[in-house]
Structure formats: structure tokens, C-alpha cells
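Visitor: Got a predicted structure here, sequence first:
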Amino acid sequence: MSSTPDNLAGLKDDMIAFIEGHGIRRFPGYVDYEEVQSVMWKSADNPDGWKDFVELAKAAGAPFLTMDAWMLRREELDEMMERIGSAEFTSDEDMDDARWLRTYIGKTGFVQLGFAYQGIMMVYESSTEWYDRYQRLFEMTEEFGGIPIDGPDQDDEN
């Protein structure tokens, strides 16, 4: 069983208080580490590793930290379930997973902190197991939603 809670809202609140307590400002923004040069923080299973990350940002002279959090909203889940239902390459198990996610509506499943240092973004992330499942389903529906891969070719029709 994971030590990560189902709802990271409390962690987010703790992060805000800790960051502000260190006199660092927050910039609401998401660091897309596929788009910018970045280094991911390794907490080594330390649930308070984010505090070390914030203290490192302060020691590095970062004027602010980026902060992002994601909460599951009913509309997003309904839209994803609709895509799963209409996609050709999904299974009943995928739909069951999506239905199971209803339990987490209104809960925060992901938080990210970041700061720039010498042209590189330093990034800390924490996510719940259900958020990781949601992301897997979301990416699957984005890739295959409504695209018939084995559909008939025009050549086959002639």
C-alpha cells in the first residue's frame, strides 16, 4: 500500500504555507519538462522531500517557485468517459477504470513545484496512484480516440 494520500490538497496547502514562510513568492504555472531543459527532484521515498526542495530554491536565490496542482473535475471525467465509449480501441476494463475514478472527483491528484537555476528548471512533483491511472487513460484516449487504425483503405474498396 502506498504512503501517498488520495488527496494532495493538504500537501498543497502545506507547501503554500512553507513557501510563504520562507519569504518566497509563488508563480502559478506548470513546467512542461518535455519542452524545457529540466532536472527532476528525487525524493527517495521521503514524503517531506519537497521541503528540502523549497529550502534548496531559497539557498539558490530563486526569487519565486512555480506551482501547479490538478484536481479531478466531473466535466473532465465525463468527457474522458465519452471518448472511451466512442473509441474503437478501448476495453470494458478501461471504462471500469474511468468509472472507478468518480470516487476522486474534487480531489487533488498532482502537485508540482519548480524553480529556474542557471537556465535549467528544477522540478519537484508528487502524484497519487489514481492520478497516474487517470493520465494513462487520458493519454490513451488522446492517441486513439476516434482514429480507426485498421479501417478500410480506399484501395480495398476499388
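Guide: Yep, that arrived.
Visitor: Show the backbone phi and psi for the most centrally placed residue in the chain.
Guide: Relative to the mean C-alpha position of the chain, the nearest C-alpha, by C-alpha atoms, centre = their mean, is the one of Phe110, at 4.7 Å. For Phe110, the backbone dihedrals (degrees, to the nearest 10) come out as phi -150, psi 140.
Visitor: Report the contact partners of it.
Guide: With contacts taken as C-beta atoms under 8 Å, 6 or more residues apart in numbering, Phe110 has the following neighbours: 8, 68-70, 125-128, 131. The way it works is simple: take the backbone N, C-alpha and C, and place the C-beta from them, glycine included.
Visitor: would you list those in JSON lines and tack on secondary structure and distance to Asp92?
Guide: JSON lines is the format used below for these (DSSP: H, G, I helix; E, B strand; the rest coil; distance: C-beta to C-beta, whole Å):
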{"residue": "Leu8", "secondary structure": "coil", "distance to Asp92": "30"}
{"residue": "Asp68", "secondary structure": "strand", "distance to Asp92": "33"}
{"residue": "Ala69", "secondary structure": "strand", "distance to Asp92": "32"}
{"residue": "Trp70", "secondary structure": "strand", "distance to Asp92": "27"}
{"residue": "Glu125", "secondary structure": "strand", "distance to Asp92": "31"}
{"residue": "Ser126", "secondary structure": "strand", "distance to Asp92": "31"}
{"residue": "Ser127", "secondary structure": "strand", "distance to Asp92": "26"}
{"residue": "Thr128", "secondary structure": "coil", "distance to Asp92": "24"}
{"residue": "Tyr131", "secondary structure": "helix", "distance to Asp92": "22"}
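Visitor: Could you work out the most separated pair of these?
Guide: When those are compared pair by pair using C-beta to C-beta, the two farthest from each other are Asp68 and Thr128, 14.8 Å apart.
Visitor: The two - which one has more neighbours?
Guide: Under the criterion of other C-beta atoms under 10 Å, the comparison of Asp68 against Thr128 puts Thr128 first, with 22 against 16.
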